[in-house]
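A.B. asks: got a sequence here, can you model it:
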Amino acid sequence: MNHASRIEETIQNIYDTFSHPGKHPVEAGLGAIDSWIQALDGLGGSALLGIQSELRDLRAHVQSDDRPAMAASLQRLGEHTSLTARDLHDGTGDQLRHLGQTLITAAGNLKMV
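C.D. replies: From the prediction side, this is the model:
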């Protein structure tokens, strides 16, 4: 799967999770997080290493069902993703900006649940 498809699938899964919270088991979320960690492996760059580290933290928070920590982690991931997209002026940059905003929105939604 290419990164554009993976980004689009991630955005859709985030929307689906908050629209139908009982539909998406924790295992599916952990699988998606693991998939992103693996996809970013070896790409280098301090920004991507920060995102990978945050993904690992998010994984731990999901496993322990620590919702406040999940919300904070999603917020940081959204900010990291948006910063990474800042200098990309193509379709991938647009998708990453959308993903960043979606992650920040998900963090806000999680805080309200």
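A.B. asks: make it CA atoms for all contacts and neighbour counts henceforth
C.D. replies: OK.
A.B. asks: how many residues are close by residue 64?
C.D. replies: 11 (other Cα atoms under 10 Å).
A.B. asks: what residues does residue 86 make contact with?
C.D. replies: With contact taken as Cα atoms under 8 Å, 6 or more residues apart in numbering, residue 86 is in contact with 93, 97.
A.B. asks: mind checking how far it is from residue 29?
C.D. replies: 27 Å (Cα to Cα, to the nearest Å).
A.B. asks: kindly report the same for residue 78.
C.D. replies: In terms of Cα to Cα, residue 78 sits 17 Å off from residue 29.
A.B. asks: give me the more crowded residue out of the two.
C.D. replies: residue 78 (25 against 18).
A.B. asks: quick one: the helix or strand of the chain with the lowest mean pLDDT to chain centroid distance?
C.D. replies: Across the helices and strands of the chain, mean pLDDT, DSSP states H and E gives its lowest value to helix 3-19, namely a mean of 78. Its chain's C-alpha centre and that of helix 3-19 lie 9 Å apart, by Cα atoms, centre = their mean, to the nearest Å.
A.B. asks: output the contacting helices and strands for that helix.
C.D. replies: helix 91-112 (3 or more Cα pairs under 8 Å, 6 or more residues apart in numbering; DSSP states H and E).
A.B. asks: pLDDT on the helix it packs on, on average?
C.D. replies: Summarised as a single mean, pLDDT over helix 91-112 is 87.
A.B. asks: relative orientation of it and helix 3-19 in degrees?
C.D. replies: 20 degrees (axes from the mean of the first three to the mean of the last three Cα atoms, to 10 degrees).
A.B. asks: by contact count, what packs against helix 91-112?
C.D. replies: helix 3-19, helix 67-85.
A.B. asks: among these, which is the most enclosed?
C.D. replies: helix 67-85 (a mean of 20; mean count of other Cα atoms under 10 Å).
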